[in-house]
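Enquirer: quick one, what's the 3D model for this:
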Amino acid sequence: MSIIDILRGTGIVVFIVLLAGVIAYLGDRVGHQVGRKRLTLFNIRPRYTSTIIAVGTGMIIALIVTLVAIFASNQVKTAFFRLNEINSEIQKAQARAQELERKVTSSPVVVNLDQPMSPTIGHVPLNAPAGLRHDVIQEFYTQTVAFVNRQWTRPPYSLKKFVPPANLQQILNSLSDSPQMQAWVTQSPVLLFAYADQNLYPGDTIHFGVKAYPDRLIAPAGSVIASLVIPASKNVSAQLALQQLNGYVATQVARAGMPPYFAGDVNPQKTLPTMSQMQQMVQNGNGTYLMTAFAATDIYPHTFSVPVVVTLQKAPNQ
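Expert: Predicted coordinates:
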């Protein structure tokens, strides 16, 4: 419990005590005035009448304050009318958390978060009108559901069949008619991919989401994607340097809009010079060398990988 929570709770207690004192005081004063005027209620003796009015006044004031608090604060309203419902939701959430903890500690992950769920790829054409976008997305979704229910329900995955959400059509329409989609299709085709939107364990019901990527040029052929400075040394490995460079390439193309499923698939098609010659250069040379990855072709999301040509040469000013 934080200091802020303690101070807030203490303040509420103090407020309630003061409010109770004010209500008691007002009730007493009203009862006193009634007693002095010797008013009667239903022919009851003035002394009892003043007591009844004092108590009633306090009750009415308390009722008014309570109603004001209920209408002015959602938290107070919730505490009065939805406390059991909230406690029930808390218990359900705790049960789900315990179940998830049990899965994490005792069950293998069948599908990891953001992992592709299907080889099916949707293709929304350039300048596609609304009707065509709807048709493409609906067909992509139908094919994806058929694949995941066929593939992931079998051993060793043993997931439960995908259950379409009640608002499925609304979800698909929001994807088709989103301002982002409408802007993208005016400039390039758009690709659709199905991915896991949570970790899935054996026995889980299949879940997946849909991501859209504009199929635009990521890197033109011959352009520099990334480079790495390598100090010459007998302890340097050209192969490890190439792996590090591939990681830089994956990061750069992902930032440029390459789907993450393909950004990590960096494919060095050629090295200039050969890897063995690169190894000799960095081990036997001096100074620093520059290893550079160039786009081997025009790279788009529909290329489905990142083909590169890698060169090694003396760093400038060496």
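Enquirer: and the helix or strand where residue 282 lies, how far from the chain's centre?
Expert: Residue 282 is part of helix 275-284 when elements are defined by DSSP states H and E. Helix 275-284 sits 45 Å away from the centroid of its parent chain (Cα atoms, centre = their mean, to the nearest Å).
Enquirer: wait, residue 121 sits on residue 190?
Expert: No. Because the distance of 10.7 Å does not satisfy Cβ atoms under 8 Å, residue 121 is recorded as not touching residue 190. All C-beta spots, glycine's among them, are computed from the backbone N, C-alpha and C.
Enquirer: so for these two, which residue has more residues nearby?
Expert: Shown here are residue 121 and residue 190; by other Cβ atoms under 10 Å, residue 190 has more neighbours (24 against 19).
Enquirer: okay, and the beta partners of the more buried one?
Expert: Here residue 190 sits in beta bridges with residue 124, residue 214, as judged by DSSP bridges.
Enquirer: OK, contacts around it?
Expert: Shown in contact with residue 190 (Cβ atoms under 8 Å, 6 or more residues apart in numbering): 123-124, 181, 184, 212-215.
Enquirer: ok, the residues you listed vs residue 247, which is closest?
Expert: Checking the contacts of residue 190 against residue 247 with Cβ to Cβ, the nearest one is residue 213 at 20.9 Å.
Enquirer: counting neighbours, what do you get for the closest one?
Expert: For residue 213, using other Cβ under 10 Å, the count is 22.
Enquirer: so what's it up against?
Expert: Neighbouring residues of residue 213 by Cβ under 8 Å, 6+ apart: 190-191, 193, 257-259, 301.
Enquirer: which two in those are spaced the farthest apart?
Expert: Greatest spacing in these, by Cβ to Cβ: 190 and 258 (14.2 Å).
Enquirer: ok so, going back, can you say which of the contacts of residue 213 are buried?
Expert: Buried by 16 or more other Cβ atoms under 10 Å: 190-191, 193, 258-259, 301, out of the contacts of residue 213.
Enquirer: now those residues in a markdown table, with distance to residue 95 and pLDDT?
Expert: Shown next, in a markdown table, are those (distance: Cβ to Cβ, whole Å; pLDDT from 0 to 100):
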| residue | distance to residue 95 | pLDDT |
| --- | --- | --- |
| 190 | 40 | 97 |
| 191 | 39 | 96 |
| 193 | 33 | 95 |
| 258 | 41 | 95 |
| 259 | 36 | 92 |
| 301 | 41 | 95 |
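Enquirer: out of the contacts of residue 190, which are buried?
Expert: Among those, the ones that count as buried by 16+ other Cβ under 10 Å are 124, 181, 184, 212-215.
Enquirer: please identify which pair of those lies farthest apart.
Expert: 181 and 215 (12.7 Å).
Enquirer: shouldn't residue 215 be in contact with residue 192?
Expert: No. Contact criterion Cβ under 8 Å: residue 215 and residue 192 do not qualify, at 10.4 Å.
Enquirer: common neighbours of these two, please.
Expert: Both residue 215 and residue 192 are contacted by residue 123, under the criterion Cβ under 8 Å, 6+ apart.
Enquirer: quick one, domains of the protein?
Expert: 3-81, 122-214, 224-314 (automatic domain parsing).
Enquirer: I'd like the ones you listed laid out as a markdown table, including distance to residue 111.
Expert: Shown next, in a markdown table, are these (distance: least, Cβ to Cβ, whole Å):
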| stretch | distance to residue 111 |
| --- | --- |
| domain 3-81 | 37 |
| domain 122-214 | 4 |
| domain 224-314 | 13 |
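Enquirer: spell out the secondary structure type for residue 302.
Expert: The three-state label given to residue 302 by DSSP: H, G, I helix; E, B strand; the rest coil is helix.
Enquirer: just give the closest residue to it, not the sequence neighbours.
Expert: residue 215 (5.3 Å; Cβ to Cβ, 6 or more residues apart in numbering).
Enquirer: what do you get for residue 226?
Expert: Nearest to residue 226 is residue 248, by Cβ to Cβ, 6+ apart, at 3.9 Å.
Enquirer: which residues are contacting the helix or strand where that neighbour lies?
Expert: Under the criterion of DSSP H and E, residue 248 resides in helix 238-255. If you take Cβ under 8 Å, 6+ apart as the criterion, helix 238-255 is touched by 218-219, 225-228, 230, 260, 263-264, 266, 268, 271, 275, 278-279, 281-282, 291, 293, 299, 306, 308, 310, 312.
Enquirer: give me the distance from stretch 118-136 to the chain's centre.
Expert: Distance, centroid of stretch 118-136 to centroid of chain: 25 Å (Cα atoms, centre = their mean).
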